[in-house]
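Student: my questions are about this predicted structure, shown below with the sequence.
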Amino acid sequence: MSTASRHDERILLLAPRGRDAEVMCPVLAQDGAACTVMHDFPGLVAAIGEGAGMAIVAEEALHGVDFAPLQAWLAAQEPWSDFPFVLLLGKPVGLAAGEARTRLEELGNIILLERPLNAQTLRSAARSALRARRRQYAARDLLAESAGTAARLQQSQQALLLLNETLESRIEERTRALAQANDRLMNEVIERERVQQAMVQFQKMEAVGQLTGGIAHDFNNLLNVVQGSMDLILLLSKDEVARQRAEIARRACQRGGKLTSQLLAFARNQNLDLRPAEVSALFDGVRELVATSLGSRIGLRFEVAPACARVFADANQMEMALLNLAINARDAMDGSGELLFQAANAAPPEGLLPPGDYVRIAVTDNGPGMPPELVNKVFEPFFTTKAVGKGTGLGLSQVYGMAQQSGGAARILSQPAVGTTVEIWLRAWDGGSDLDTAPPPAVAPEASEGFHILVVEDDNFVRESMVLSLEAFGHAVTQAASGEAALRELQRGRPDLIITDYLMPGITGAELMLRAREVFPGIPMIIATGYADMHAIDEVLGDDILLHKPFQLAELARSVQRALGRGGPAAPQH
């Protein structure tokens, strides 16, 4: 262990001009170093003779000084000593080449730093020099220990020879052990910092996701009320002007529902609803939103090759992925450049995907690009190139996960100073799927005498809208504002159908389904919710129906018919 004192490890700083010394001392003190400011070159030489860990000298301090005292001290150093200097070079004040080279060689062990320099560079150089000096002190101590051991063993020539033979290996082994311990410590520090950064990033994304999900859920309820009211006007009103305006509002609600679906896709890992989709329709779905997000300084183009096949994808997730790629590209281009969306049938590179027919969807920017070491990391969770305070960075792991879950793949092609292309490879639809891709009809069934339905919804406006809609189709409706109230209603009698929200105070819709079946096994139920990704719903849904908010009146009527197992108008129930 080194016996060097804090005085022997101090940093001597000679920077006579400006505020360099005043600025650098607090920076060096962050690592616990003791910093002593020297005012002239003779004082520096004297302080070195008294003991120090290193010296930081500004280039201008070497003009016209007498190097002889310093040269004499350096020449008289102990064999273990090689005093380190950090020389701060300044471009505007440089010495002549030959004179500078001679003076630098006279100093011996030097580190050259060109100004202007940042705090991290200065601290790193100082730590490196002090670490080397401490090892010199350790070598001094080892040499002293060896000398003492040799003095005590002078009576035995054999012991002295043995010590001489093993001294070098002992020093090497101890030095190696110290280096290994230092490496382990540094690796542990780096790993801890990485884990802490990942945890902070995760907490940020979790908080943003919860906030986004809550906003989307409440907005879904509002849209559901407005859309239900518009559907009732279209169904019951004979005023053509009112019907036209209601149709406009209904279409606006459908666009709002699409927006909330994208918000919910961001808020959680949503189960993908893979269906054949036209790439041109996917592009059209994000064109307006991407243009608004990018601003007027970024040129935007969409190109779909002729005869481009349909793809298997979750349209909402795919649109969200394209929007994220556009925003990442905008940030990379610093708000100005060209962005190109392309789609075409293509064969994937060897080893990327199993053989088959695929569609390549590419988003290309002409930004600064990325070096290979960054390209290899961008799909990692929590990875971001954004500086602190410049946003959490959505990352590309969501895009990668979406492509993988869709049966495809994602990859990045990038070159510095050229640009970046993000490719999403999706399976092409061969036309043989039985999936129903036709949109549901917008016309609701005719009203008729119906069944007894229990509606469970904690939002008063949504519940009232659903009750009015069901009554318009001739159903008898009982309503409950919570899961507990619904259980009390079930004690009064068995309804023909239960329609329940999922997120409610106290008992959730999933828990209500389980408890209702304990009272009335086999009772048909519908969960109406904006959360399409809840695993708890999947666990209890079974053959029952999930109705996505905001829903149209026609979707509500058809879901009721399906749940009751009817193909035509309802038969009265008494």
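Tutor: Everything's here; your move.

Student: every contact and neighbour count from this point should use C-alpha atoms.
Tutor: Noted.

Student: and the strands in the stretch 401-550 of the chain, which stretches?
Tutor: Taking DSSP state E, counting those that start in this stretch, the strands of the stretch 401-550 of the chain run over residues 409-415, 419-427, 452-456, 476-480, 497-501, 525-529, 545-548.

Student: okay, those, which one's buried deepest?
Tutor: strand 497-501 (a mean of 26; mean count of other Cα atoms under 10 Å).

Student: parallel or antiparallel, list what pairs with that strand.
Tutor: Using DSSP bridges, strand 497-501 pairs in its sheet with strand 452-456 (parallel), strand 525-529 (parallel).

Student: next, the angle from that strand to strand 476-480.
Tutor: For strand 497-501 against strand 476-480, the angle between stretch directions is 40 degrees (axes from the mean of the first three to the mean of the last three Cα atoms, to 10 degrees).

Student: tabulate the CA atom coordinates of strand 497-501 in PDB.
Tutor: What follows is strand 497-501, C-alpha atoms only, in PDB (Å, rounded to 0.1, in the frame of the first residue of the first chain):
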ATOM      1  CA  LEU A 497     -77.400 -10.000 -21.200                       C
ATOM      2  CA  ILE A 498     -74.800  -8.000 -19.200                       C
ATOM      3  CA  ILE A 499     -72.800  -5.200 -20.900                       C
ATOM      4  CA  THR A 500     -70.000  -3.900 -18.600                       C
ATOM      5  CA  ASP A 501     -67.100  -1.500 -18.700                       C
END
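
Student: from K377, how far out is the nearest residue in space to V378 that is not next to it in sequence?
Tutor: In space, and not counting its chain neighbours, V378 is closest to L396: 6.2 Å by Cα to Cα, 6 or more residues apart in numbering. Distance, L396 to K377, using Cα to Cα, to the nearest Å: 10 Å.

Student: tell me the spacing between F520 and M513.
Tutor: For F520, the distance to M513 equals 10 Å [Cα to Cα].

Student: neighbour-wise, which of the two wins?
Tutor: Using other Cα atoms under 10 Å, the more surrounded residue of F520 and M513 is M513, with 25 against 14.

Student: hang on, the earlier thing: dump the strands of the stretch 401-550 of the chain to JSON lines, plus mean pLDDT and distance to A68.
Tutor: Converted to JSON lines, those look like this (pLDDT from 0 to 100; distance: least, Cα to Cα, whole Å):
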{"stretch": "strand 409-415", "mean pLDDT": "89", "distance to A68": "53"}
{"stretch": "strand 419-427", "mean pLDDT": "92", "distance to A68": "57"}
{"stretch": "strand 452-456", "mean pLDDT": "92", "distance to A68": "94"}
{"stretch": "strand 476-480", "mean pLDDT": "91", "distance to A68": "97"}
{"stretch": "strand 497-501", "mean pLDDT": "90", "distance to A68": "89"}
{"stretch": "strand 525-529", "mean pLDDT": "84", "distance to A68": "86"}
{"stretch": "strand 545-548", "mean pLDDT": "76", "distance to A68": "87"}
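
Student: as JSON lines, these with distance to D141 would be great.
Tutor: Converted to JSON lines, those look like this (distance: least, Cα to Cα, whole Å):
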{"stretch": "strand 409-415", "distance to D141": "52"}
{"stretch": "strand 419-427", "distance to D141": "56"}
{"stretch": "strand 452-456", "distance to D141": "81"}
{"stretch": "strand 476-480", "distance to D141": "84"}
{"stretch": "strand 497-501", "distance to D141": "76"}
{"stretch": "strand 525-529", "distance to D141": "74"}
{"stretch": "strand 545-548", "distance to D141": "76"}
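
Student: that older thread, and the residue nearest to V378, how many neighbours does it have?
Tutor: The local packing of L396 (other Cα under 10 Å) involves 25 other residues.

Student: same question, D141
Tutor: When counting by other Cα under 10 Å, one arrives at 17 neighbours for D141.

Student: name the element it belongs to?
Tutor: helix 119-152 (DSSP states H and E).

Student: packing partners for the next helix or strand after that helix?
Tutor: Next in sequence after helix 119-152, counting helices and strands by DSSP H and E, comes helix 157-236. If you count contacts as 3 or more Cα pairs under 8 Å, 6 or more residues apart in numbering; DSSP states H and E, helix 157-236 packs onto helix 119-152, helix 240-267, helix 460-472, helix 553-563.

Student: and after the helix or strand of the chain with the lowest mean pLDDT, which helix or strand comes next?
Tutor: Least confident helix or strand of the chain, by mean pLDDT, DSSP states H and E, is helix 97-107 with a mean of 59. Later in the chain than helix 97-107, the nearest helix or strand by DSSP H and E is strand 109-115.

Student: can you give the strand pairings for that following strand, parallel or anti for each?
Tutor: Strand 109-115 sits in its sheet next to strand 84-90 (parallel), going by DSSP bridges.

Student: got the CA positions of the partner strand in PDB?
Tutor: Coordinates of each C-alpha in strand 84-90 appear next as PDB, following Å, rounded to 0.1, in the frame of the first residue of the first chain:
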ATOM      1  CA  PRO A  84       4.100  13.600 -14.900                       C
ATOM      2  CA  PHE A  85       3.200  16.900 -16.500                       C
ATOM      3  CA  VAL A  86       0.000  18.000 -18.400                       C
ATOM      4  CA  LEU A  87       0.800  20.700 -20.900                       C
ATOM      5  CA  LEU A  88      -2.100  22.900 -22.100                       C
ATOM      6  CA  LEU A  89      -1.400  24.000 -25.700                       C
ATOM      7  CA  GLY A  90      -3.100  27.000 -27.200                       C
END
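
Student: average pLDDT across that strand?
Tutor: Taken as a whole, strand 84-90 has a mean pLDDT of 86.

Student: residues of it that come out buried?
Tutor: P84, F85, V86, L87, L88, L89 (16 or more other Cα atoms under 10 Å).

Student: dump those into CSV; add distance to D459 as well.
Tutor: Below are the buried residues of strand 84-90 laid out as CSV (distance: Cα to Cα, whole Å):
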residue, distance to D459
P84, 74
F85, 73
V86, 70
L87, 72
L88, 69
L89, 71
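
Student: all set now, cheers.
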